[in-house]
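Visitor: Let's see this in three dimensions:
(one chain, ligands or ions: 1)
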Amino acid sequence: MSPKTKTKLNMVTTELSHSHSYHHDSSTMAKPTFRNKSSSIFLSDGLLFLGGAFSALLLVWGFSSFTNSINNPNLKLHQNDVISYSTPDLLSDPLDPTFYDEPEMGYTIDDKVQNWDEKREEWLKLHPSFSAGVKERVLMVTGSQPSPCRNPIGDHLLLRCFKNKVDYCRIHGYDIFYNNGLLDPKMSSYWAKYPVVRAAMMAHPEAEWIWWVDSDALFTDMDFKLPLERYKDHNLVVHGWAHLIHEKRSWTGLNAGVFLIRNCQWSLDFMDSWAGMGPQSPDYEEWGHKLRSTFKDKFFPESDDQTGLAYLIAIEKEKWADRIYLEGEYYFEGYWEEIVGTFENISKKYDEIEKGVRRLRRRHAEKVSESYGAVREEYLREAGYGKGSWRRPFVTHFTGCQPCSGKYNEMYTADACWNGMRRALHFADNQVIRKYGYVHPDLGNNLVTSIPFDYPQS
Ligand SMILES: *[C@@H]1O[C@H](CO)[C@@H](O)[C@H](O)[C@H]1NC(C)=O
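Guide: Below is the predicted model of the structure:
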C-alpha cells in the first residue's frame, strides 16, 4: 500500500467514526464516498438542493438500486456506498414552535391532523441531524395485551417473539416500540394496533416508515432487509395477491398482521377510513354486513381490519389502491404451516454454501453483519423467494395459533403451533447467537452448544 493510499484510508477511518450505516463493496475493498461539509449541509436541508458530481452519483445509485431491487431486494442496500448518515443529535430540540406546540394536535384516532407532511418537514428542518437518511428510517411497532396470557406458556412465547424482533432491529439499526396498553378501550384485538400506529407517527416524525409486526410474526431471515426503494411511490405495503382480492374477493387475499405504512398525511387519512370500520365507530355493525357480503369467504360477522383493508383496495380502488403495494414476491409475512417444515433443509443449504466460502465462515462483530449478508446474497441467486424456495423465509407468521390466549384455530394442534414456534425461534436464533459463539444444534429443543473456530468446517 502506497503512503498516499494510507493517508487516504486514515482520513476515511476518521470520517467513518462519525457516521454509520455505510456499506462498502466487499470484493473491491473500501471505495467509500463521504459527506464533505457542503454535502452534509444540503443533506440536512432535506435533499432540496443537489450539486454537481454528488447528485450524479446519487442518480446512478438510485437507478441501479431500483433495477436490482426488482430481482433482489437485498442487493441495493449493499450498493449504497454513497449516502452516509450523520449521527442523530439526541441533545437538541430547538425552541421554535412545531406541531407539538399546537394545542389542537392530538395522538388519538379521533384527533384530525391536517398538513401532516408540512408539519413533519418543518420538524425535520429544525432537527437537521435526523434529516439525513430520513427516507430509509424505519420504526418497528409491535405489542401485546395489557394482562397476563391465558395460555400458561403464552407470556414466555411472547417474550421470545419480542426477543426475535429486538435481535432483528439491533442487527439493522432500527428502533422498536413495544406497546401493551389498550390505547382506545373500544379498539381491542386486531383493531388495537391502529391507535398505536397513529400515535407512533406523531411520536416519531424522524421515521419515514412505521412497520407494524404482529407479536406472533417472527423474523426467520436476519439478513434480509426491506427493499424500500421498491416502495418509493407507495404509502402502504402488505403481503397480498391482487387477483384474490379483486377477482376472487377473498378476505385472505392479503394479511394485515404485518404492514409498512409511510409516515404521511395520506396514511392518516387512510387509517381514518380503515379504522372507521372498527368497533369505536357507529357504523361498525353495518360494516360487518358490508364486508361479509363483499367477501363471501369471511366466516365471522364482525367487521375486521383485514377484510376492511381488502374492501378499501377492491371497492374504494380509485381512492386508495394506487398507493398500496401488494407484496407477493417474498415472505413479507408467510404462513407458518407452509414454512416450518423447510427449516432443516434450508439450514443445510446455507451450511453447504458456508463450507465453500471462507469469507462467510469468518467470525465477525455483530455490528457488521449486514456486510456478510451482502456476500451471502451472491450465493443465493438461485434460491428464489417465497414458497418452494430454499432462501430463508423472511417473516414466519403464526396466524391462527394465538400463543397468548392459547385458543388456536381448530385446524391446528397445540403441538403443531408451539413446536412450530419453537423451531422458528431457534432457526432465527441460530443466525444471531452464532455471532456470540453458540448455536442450537437441534431446532426442536432449547439446548445450545459452543461452536468451533471456522464453523461450519468443510
Ligand atoms: C429435504 O431434503 C430431503 C433430501 O433432499 C428431501 O427428501 C425432503 O423432501 C426435503 N424436505 C422438505 C420439507 O423439503
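Visitor: So for the lengthiest strand in the chain, mean pLDDT?
Guide: Longest strand in the chain, counting residues (DSSP state E): strand 254-262. On average, the pLDDT along strand 254-262 is 98.
Visitor: Contact partners for the residue in the chain that the ligand sits nearest to?
Guide: Using C-beta to the nearest ligand atom, residue 345 is the residue of the chain that sits closest to the ligand, at 3.8 Å. In short, each C-beta sits where N, CA and C put it, glycine included. Neighbour list for residue 345: residue 390 [criterion: C-beta atoms under 8 Å, 6 or more residues apart in numbering].
Visitor: What about residue 205, how many residues nearby?
Guide: 21 (other C-beta atoms under 10 Å).
Visitor: Alongside the ligand, which residues does the protein contribute?
Guide: Contact residues (C-beta under 6 Å from any ligand atom) of the chain with the ligand: 341, 342, 345.
Visitor: Now the first one. Its backbone dihedrals?
Guide: In terms of degrees, to the nearest 10, the main-chain angles of residue 341 are phi -80, psi -10.
Visitor: ok so, going back, tabulate the residues of the chain next to the ligand in TSV, adding columns for pLDDT.
Guide: Shown next, in TSV, are the residues of the chain next to the ligand (pLDDT from 0 to 100):
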residue	pLDDT
341	97
342	97
345	97
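Visitor: can you put these in TSV and add distance to residue 297?
Guide: Output for the residues of the chain next to the ligand, formatted as TSV (distance: C-beta to C-beta, whole Å):
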residue	distance to residue 297
341	26
342	27
345	32
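Visitor: hang on, the earlier thing: name the element the residue of the chain closest to the ligand belongs to?
Guide: Element membership for residue 345 (DSSP states H and E) is helix 343-356.
Visitor: Give the buried residues for that helix.
Guide: Residues of helix 343-356 classed as buried: 343, 346, 347, 349, 350, 353, 354 (neighbour count, 16 or more other C-beta atoms under 10 Å).
Visitor: Provide a list of residues in contact with the nearest residue to the first one once chain neighbours are set aside.
Guide: Taking C-beta to C-beta, 6 or more residues apart in numbering, and ignoring the residues beside it in sequence, residue 343 has residue 427 as its nearest neighbour in space, at 4.5 Å. Residues touching residue 427, when contacts are defined by C-beta under 8 Å, 6+ apart, comprise 220, 343, 346, 347, 392, 443.
Visitor: Quick check: which element contains residue 427?
Guide: Going by DSSP H and E, residue 427 is in helix 414-433.
Visitor: Would you pull up how far that helix lies from the middle of the chain?
Guide: Distance of helix 414-433 from the chain centroid (C-alpha atoms, centre = their mean, to the nearest Å) equals 20 Å.
Visitor: tell me the average confidence for that helix?
Guide: Per-residue scores along helix 414-433 average to 97.
Visitor: Parallel or antiparallel, which strands does the helix or strand just after that helix pair with?
Guide: Proceeding N to C from helix 414-433, the next assigned helix or strand is strand 438-439, under DSSP H and E. Using DSSP bridges, the strands paired with strand 438-439 are strand 449-450 (antiparallel).
Visitor: what residues does the partner strand touch?
Guide: 437, 438, 439, 441.
Visitor: what is the rounded mean pLDDT of it?
Guide: Per-residue scores along strand 449-450 average to 97.
Visitor: where does residue 183 fall, helix, sheet strand or coil?
Guide: coil (DSSP: H, G, I helix; E, B strand; the rest coil).
Visitor: ok, the closest residue to it other than its chain neighbours - contacts?
Guide: In space, and not counting its chain neighbours, residue 183 is closest to residue 195: 3.8 Å by C-beta to C-beta, 6+ apart. The contact partners of residue 195, by C-beta under 8 Å, 6+ apart, come to 108, 109, 183, 184, 187, 275.
Visitor: what about the residue of the chain closest to the ligand, distance to residue 381?
Guide: 18 Å (C-beta to C-beta, to the nearest Å).
Visitor: cool, and residue 154?
Guide: 40 Å.
Visitor: Please apply the same query to residue 374.
Guide: On the measure of C-beta to C-beta, residue 374 and residue 381 end up 13 Å apart.
Visitor: Those two: who's more crowded?
Guide: residue 374 (21 against 10).
Visitor: pLDDT at that one, what is it?
Guide: 95.
Visitor: And this protein, split by domain according to the record?
Guide: 116-327, 336-438 (the TED database).
Visitor: among those domains, which is the most enclosed?
Guide: domain 116-327 (a mean of 19; mean count of other C-beta atoms under 10 Å).
Visitor: dump the residue contacts of the residue positioned nearest the centre of the chain.
Guide: Geometric centre of the chain, nearest residue: residue 211, 5.2 Å, by C-alpha atoms, centre = their mean. Taking C-beta under 8 Å, 6+ apart, we find residue 211 in contact with 138, 139, 140, 141, 174, 226, 258, 259, 260.
Visitor: Where do the strands of the stretch 201-350 of the chain begin and end?
Guide: Using DSSP state E, counting those that start in this stretch, the strands assigned to the stretch 201-350 of the chain run over residues 209-213, 217-219, 236-240, 254-262, 324-327, 334-335.
Visitor: Report the contact partners of residue 397.
Guide: 214, 216, 217, 218, 255, 257, 258, 333, 334, 335, 336.
Visitor: CSV for the residues you listed, including distance to residue 158?
Guide: Shown next, in CSV, are those (distance: C-beta to C-beta, whole Å):
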residue, distance to residue 158
214, 11
216, 8
217, 12
218, 11
255, 19
257, 15
258, 16
333, 17
334, 20
335, 20
336, 16
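Visitor: Same list as before, the contacts of residue 211 that is, but in JSON lines and with distance to residue 451 included.
Guide: What follows is the contacts of residue 211, written out as JSON lines (distance: C-beta to C-beta, whole Å):
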{"residue": "138", "distance to residue 451": "31"}
{"residue": "139", "distance to residue 451": "34"}
{"residue": "140", "distance to residue 451": "29"}
{"residue": "141", "distance to residue 451": "34"}
{"residue": "174", "distance to residue 451": "27"}
{"residue": "226", "distance to residue 451": "29"}
{"residue": "258", "distance to residue 451": "31"}
{"residue": "259", "distance to residue 451": "36"}
{"residue": "260", "distance to residue 451": "34"}
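Visitor: can you tell me which two in these are farthest apart?
Guide: Taking C-beta to C-beta, the two most distant members of these are 174 and 259; they sit 15.4 Å apart.
Visitor: As a check, name the ranges of all strands in the stretch 51-200 of the chain.
Guide: So, for the stretch 51-200 of the chain - with DSSP E, counting those that start in this stretch - the strands run 85-86, 138-143, 175-179.
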